[in-house]
Each structure stands twice: as structure tokens, then as C-alpha cells.
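**Q** When you get a sec, could you give me coordinates for this:
(2 chains)
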Amino acid sequence: MSVVFTILQRDLLLAWRRTAQVLQPLAFFIVVTLLFPLGYTPELAQLRQIAPGVLWVAALLASMLALESLFRDDAADGTLEQFVLSGQPLAALLFGKTVAHWLLTGLPLAVVAPLIGVALGVPSAAMPGIICALCLGTVSLSLIGAIGAGLTLGVRRGGVLASLLTLPLAVPVLVFGARATELSIAGGSPAGALYLLAALMVLGLTLAPLAAAAAVRIGVE
Amino acid sequence: MYKDSNLAVSRWHVFRGERHVLRGLGFSLTAGRCLQLVGDNGSGKTTLLRSIAGLVPREEGELRWGDVPVDDFATLHAELAYLGHDPPLKADLSGRENVQFAVAVRGARSAATLTARVEAGLQRVGALGFCDRPVRTLSAGQRRRIAFAALRAFEVPLWLMDEPATHLDVVGCELLRQLIDEHLDAGGIVIAATHQDLGLAPHRLQRLALEEVRAS
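**A** Numbers count the residues shown, from 1 in each chain, chains lettered A, B, ... in the order given. Coordinates of the predicted model:
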């Protein structure tokens, strides 16, 4: 367990030294979502209808964008190889990296969601549901992304390939995330969709680190 | 320190990229001995080191560590350190932070022993003067010293070193020789792929010349 914290600490420290790179996915998310009031219609009633789709497609794309940086630097300088050779469970080390990755690229999306919501005409009563949904959903996206990033380690410029591998797996997250958001905006209870998102997250937490570890082992060969 | 370490490799066969890189290779090493791998470029020095570390799968062959056959490399990994062509350092962290994290990742130990080992390693390689600067600003030779400090601080019996003398000046090469010598004194085992004269006492040194495997 303590190695997970060691990795977490290391990755957060590294991110702190390189803030600009870390903020890119967040900036992407904000810009893309804010393009809709400009490009589609400034009418809040109409924006409110497409808000769930806009928020979740943008969140999905932002997490794909962040994916590339997950293992790339560590693979390039040989750190990933040292992880494999550390005598510690590789799945635990990669889990630590994924948690750090989520804290830096997933959680901020949920934090800025209320601001985006205002621009898209989302009533403030819907915000708690949306934030919950994004928190749960982005964890799954980071975990699924770790598998994709691991599988494309050996591929040069594998960013697009990783996205292609990962997007189909992320469809359930998109469906239930958008559903939870839609229900929240309509004033209904999003509980059902949130439970399913939570279930997907638990599934990801248990299986994704193992799959990512297997992929990375092949990748460093 | 590592009195009972011994390593035996037999019938070692590695097949990569539709080519037999190593075939029918064998050697054994006891505590306090160093194996120097020599051979032309492409003769499989790096592949041999990486396959012993379990990074590259072997087609066939047996590896015995401490007289026990190794099937699951996870157990061997706790006993070995592999230093490749390029030192595995993070450019944005300082030398000291790099060594700290590298040692911490290898297992939970008390913070005090961790710090003591890191400091001892940095001091031994003469890096105290520059180890607080970001690795980005260090020269290639200084980075290698930081990597040696980590290697020493791991405190594992088996060292696998790929071209360890690259980028080192005369003083650095002498340091490398001393580090290997001290490691062998402690009962460790070193396998190093280098053409550099390691300057070790003859009774400690074995040489293995690798040749390109002919297609057959």
C-alpha cells in the first residue's frame, strides 16, 4: 500500500514542476464546452437540452487527450522498466500512477463543471448530481485509459491508437454519465444512473490495474 | 552481506525478431565475482542482460539463483538491479529526489533507513555537490553518478549493468571500478556489458565473449 502513496507523491510532485502540461486537458474541456453557446445558439433553453451530451463528450475527449501523458514520459526515460523490476506488484504501482492521473486530469473536470453548467443554462439544483456523475465517471475513464495507454506503449505516436482502443470501452460511462446529467437537469433523481456509474468504477478499480500491468509488461519488452 | 548469492544460467536461448539472438549459452557465478560481457554490436549483450532480468522472455533455458530455479521473475526482481544504457532519471526532479523515489518504490522501509541509504549512496559517488539540482541541468556523467548512487542504495546482490562506463571521465571510471569492487567484497554479483577494462583482480573476473548466432 505504501508504494501506491510513494508513486502518488512522486507523480504529483512531477506535475507540480510541470503545471502547464497538466492543465491542458482541463483547458481543452473548458474551451470545447464553451464553444457551444457561441457556435450553436445562445438560447439557454436549447443549450440545456444538449448540455448532457456536450459535457460528457467533452469530458471523454479531454480524458483521451490526457491519456497520452500517462505512461509516455516514464516509458521514455526507463522509469517504467524500473517499476517492472522493482519487485513490487506492478499493478499497485500503476494504480498509484492512475490515481495521480485522475487527481490531475479527471477531478478538475468535475470541479469546473458548475461553471460550464451555468454557461449551458443548467439549473443550479442539478449541479450536485452532475458533479457526482463526473467524479465517478472520470475515475472509470482514467482506469480504462490506463489499459489503452499500456497497450500502445510500444507504438510510436500511439495517442490516436490508444483513443481508438479506449473509446468503445468508455461507451457505458458516456451513456450512464449523460443519463445521470439529463435526469439531474430535468429535476428527477439521478440515483439509478449514478449507481451504475459507481458499479462501473468498482469494476474498473478491481480489474483495470491488473490489465494495465499485463499490457505494460509486454510494452517494455 | 550477501554471502550465499550465486547465479547459474544454462542452455539459455533467446529468440527475437525472427532471429536467434542467443543460443545454448551458459555460465555460473558465485558470490564476489563479476562477469564481463564482450562482443560486437548486435551480438546480444543487452539481450542477455535483459533476459536475465526477465524483461525479455527466453525461449528455453534455466536460471538458478541461490541454487533454486527461477520461474517467476517477481521473486528475482527483489534481488537484482538493472542499469540500462540511459540512467532512468526524471529530468524535473533533483538527483536526491530521484534516488529517494527509486529506493522507496522498491519497498516499504522506515523513512530513517531510506534517508540513510540515499545519503550514503550520494556521498559515496561524490554527488553531494550537485544532487539538489534538477537532473535536467546535470551533465551525462553526473547523471550516471546519480544512477550509481541509486544502484548502491538499492542494496541488492545482483547488479546487471549495460555499458556502465559510458560518459564517465577518468575519475568516474575509477569510481565505477571501486563501486564494483566494494559490491563484490560484500558478496554481490555483477554482470557488466562493457569493453572497458574494469581493472578488477583476475580471480574476481570472468569474461564471456558473445558472437552473433549463425542462422541455421
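
**Q** Identify the residues contacting the spatially most central residue of chain B.
**A** For chain B, the residue nearest the mean C-alpha position is residue B:160 (2.5 Å; C-alpha atoms, centre = their mean). Residue B:160 makes contact with B:49, B:52-53, B:80-83, B:191 under the criterion C-beta atoms under 8 Å, 6 or more residues apart in numbering or on different chains. For glycine as for every other residue, the C-beta is placed from the backbone atoms N, C-alpha and C.

**Q** Could you give the bridge partners of it?
**A** Beta bridges link residue B:160 to residue B:82, residue B:191, judged by DSSP bridges.

**Q** name the helices or strands packed onto the longest helix along chain A?
**A** Longest helix in chain A, counting residues (DSSP state H): helix A:44-76. Applying 3 or more C-beta pairs under 8 Å, 6 or more residues apart in numbering or on different chains; DSSP states H and E, we find helix A:44-76 packed against helix A:19-39, helix A:79-84, helix A:90-105, helix A:107-119, helix A:127-151, helix A:159-186, helix A:191-219.

**Q** Packed most tightly, which of these would that be?
**A** Most buried of these, by mean neighbour count (mean count of other C-beta atoms under 10 Å in any protein chain shown): helix A:127-151, with a mean of 25.

**Q** So for the longest helix of chain A, what gets flagged as buried?
**A** Using 16 or more other C-beta atoms under 10 Å in any protein chain shown as the test for burial, helix A:44-76 gives A:47-48, A:51-52, A:54-75.

**Q** Pull the distance from that helix to the chain's centre.
**A** Distance of helix A:44-76 from the chain centroid (C-alpha atoms, centre = their mean, to the nearest Å) equals 7 Å.

**Q** Would you mind getting the angle between it and helix A:19-39?
**A** Orientation check (axes from the mean of the first three to the mean of the last three C-alpha atoms, to 10 degrees): helix A:44-76 against helix A:19-39 gives 160 degrees.

**Q** Give me the average confidence score over helix A:44-76.
**A** Over the span of helix A:44-76, the pLDDT mean works out to 91.

**Q** same check, this time on stretch B:158-178
**A** 92.

**Q** just stretch B:31-50 next, same as before
**A** 90.

**Q** residues of it that come out buried?
**A** Buried-residue list, stretch B:31-50, by 16+ other C-beta under 10 Å: B:31-37, B:39, B:43-50.

**Q** which residues are contacting stretch A:196-209?
**A** For stretch A:196-209, using C-beta under 8 Å, 6+ apart, the contacting residues are A:91-92, A:94-95, A:98, A:133, A:136-137, A:139-140, A:143-144, A:146-147, A:172-173, A:176-177, A:180.

**Q** Repeat the analysis, applying 7 Å as the threshold.
**A** Residues outside stretch A:196-209 that contact it (C-beta atoms under 7 Å, 6 or more residues apart in numbering or on different chains) are A:91, A:94-95, A:98, A:133, A:136-137, A:139-140, A:143-144, A:146-147, A:172-173, A:176-177, A:180.
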